[in-house]
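Visitor: any chance you can model this:
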Amino acid sequence: MATSAGDPGQDGLVQFDQYVAEFPRYLRGQRGLSENTERVYVADLQSFRRYMAIEHLHLADMDRQILRGYLAWLATEGRDGVKGFARVSIARKLTVLRTFYKFLVQEGLFRSTPVPSGRSFKLKVAKPLPDFLGQREVVRLMDAPDESTVHGIRDKAILETLYACGVRLAEIHGMDLADIRFSRREILVRGKGSKERLVLFGGPTEDALHRYINEARRQLMSDPTDALFLNRYGGRLSRRSYEKLVRRYSAQAGTRSDVHPHTLRHTFATHMLEGGADLRVIQELLGHSSPTTTQVYTHVTKQEALTAYLDHHPRADEPAGRAPREASTPGDIPDETPEEESMTAGKDA
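Guide: Numbering: from 1, shown residues only. Reported below is the predicted structural model:
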């Protein structure tokens, strides 16, 4: 492993820490990222800090060989010294490192970034297809809350909103009462990079939201607040609480135990596509900046068609010959902002 002529030792780490402390300012001001994403970026950089300490590196030592060594270390022992990270996590850390070095260029440490671009230095990963619920599972899930209780009325409205609108966890967490436009059945959503969009909802969700706002929310609210969904103390419901209630009702409804709020986002998109919606419309409703992100759902429906064929057609092959539930062609990790939900839940889109 190549290192600089003068071992920077602790001085290199001090310099690294100084720049990392200023990194969130760049992410907010020029990349428009949320506080949650900022925390993930900074956390991902700690892996590189550990590698710098092990190899006695300085930020200025970065080159293609250093980068290859770092990725190899991440894959073999970077996680805990015994086992490495999954390839999708390595790809995310590589994207974060590229962004960090672009920041260092702006700070004057380099004339141009020494980290190879995504076009010249590609990391292949297999793209797993997103999990989603079947339509009957969704019906059971929506019926799971006990609507004779305040919290059951609230939770019913939450589940309906997650499924009907296809919003991210961070987006429903940040919803305010004023964001709902009942006259047009719309909700103003603030997505990644502080981008705003309108999502739609239908009759069942309208009924659930009306009942929650007019009955349960009034009982939960202790002091005036803008937040839409409230906890038992009258404050904004935490992200962790959303995750817990989705898992709890999923288990109660007899679906899988690993259902996450993002699973309902995937379910929304898949059911829209199965119903004949245009992919560009789904992209707009999901808030995807690139259509390639939305195209993963076409693979989902193709896989479901294959599964149905193998299960039911008398001339189909035996089920044992099925392809795994994974995209058939590995894809490149683009040199762009990682998805927040992939960092918190391990799933993209």
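Visitor: ok, Phe132 - how many residues close by?
Guide: Look at Phe132: counted by other CB atoms under 10 Å, it has 21 neighbours. All C-beta spots, glycine's among them, are computed from the backbone N, C-alpha and C.
Visitor: my error: substitute Ile158 in the last question.
Guide: Neighbours around Ile158, by other CB under 10 Å: 26.
Visitor: list the contacts of it.
Guide: Ile158 sits next to 172, 229, 237, 242, 245 when contact means CB atoms under 8 Å, 6 or more residues apart in numbering.
Visitor: in helices, which of those residues appear?
Guide: Of the positions in the contacts of Ile158, 172, 242, 245 sit in helices, assigned by DSSP state H.
Visitor: okay, now the unreliable bits of the stretch 101-250 of the chain?
Guide: Within the stretch 101-250 of the chain, the set of residues satisfying pLDDT under 70 comprises 120, 122-130.
Visitor: please enumerate the helices of it.
Guide: Taking DSSP state H, counting those that start in this stretch, the helices of the stretch 101-250 of the chain run over residues 135-142, 150-165, 169-173, 203-211, 217-220, 239-253.
Visitor: so for Arg265, which of the ones you listed sits nearest?
Guide: Closest to Arg265 of those, according to CB to CB: helix 150-165, at 7.1 Å.
Visitor: kindly export the closest one (C-alpha atoms) in CSV.
Guide: Provided in CSV are the C-alpha atoms of helix 150-165 (Å, rounded to 0.1, in the frame of the first residue of the first chain):
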residue,chain,number,x,y,z
VAL,A,150,-57.5,7.1,19.8
HIS,A,151,-54.2,5.5,18.8
GLY,A,152,-56.0,3.0,16.5
ILE,A,153,-57.7,5.9,14.6
ARG,A,154,-54.3,7.6,14.3
ASP,A,155,-52.5,4.5,13.1
LYS,A,156,-55.2,3.7,10.6
ALA,A,157,-54.6,7.2,9.0
ILE,A,158,-50.9,6.6,9.0
LEU,A,159,-51.1,3.3,7.2
GLU,A,160,-53.5,4.7,4.7
THR,A,161,-51.2,7.7,4.0
LEU,A,162,-48.1,5.5,3.6
TYR,A,163,-49.8,3.2,1.2
ALA,A,164,-52.0,5.7,-0.7
CYS,A,165,-49.3,8.3,-1.2
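Visitor: what's the angle from it to helix 239-253?
Guide: Compare the direction of helix 150-165 with that of helix 239-253 by axes from the mean of the first three to the mean of the last three CA atoms, to 10 degrees and you get 90 degrees.
Visitor: any idea which helix or strand carries the closest residue to Phe103 other than its chain neighbours?
Guide: Closest residue to Phe103 apart from its sequence neighbours, by CB to CB, 6 or more residues apart in numbering: Tyr26 at 4.6 Å. Tyr26 belongs to helix 9-29 when assigned by DSSP states H and E.
Visitor: quick revisit: from the contacts of Ile158, pick the one nearest Leu74.
Guide: Taking CB to CB as the measure, Leu74 sits nearest to Tyr242 out of the contacts of Ile158, at 30.5 Å.
Visitor: what about the closest residue to Leu220 other than its chain neighbours, neighbour count?
Guide: Nearest residue to Leu220, sequence neighbours excluded (CB to CB, 6+ apart): Leu230, at 4.3 Å. When neighbours are defined as other CB under 10 Å, Leu230 has 22 of them.
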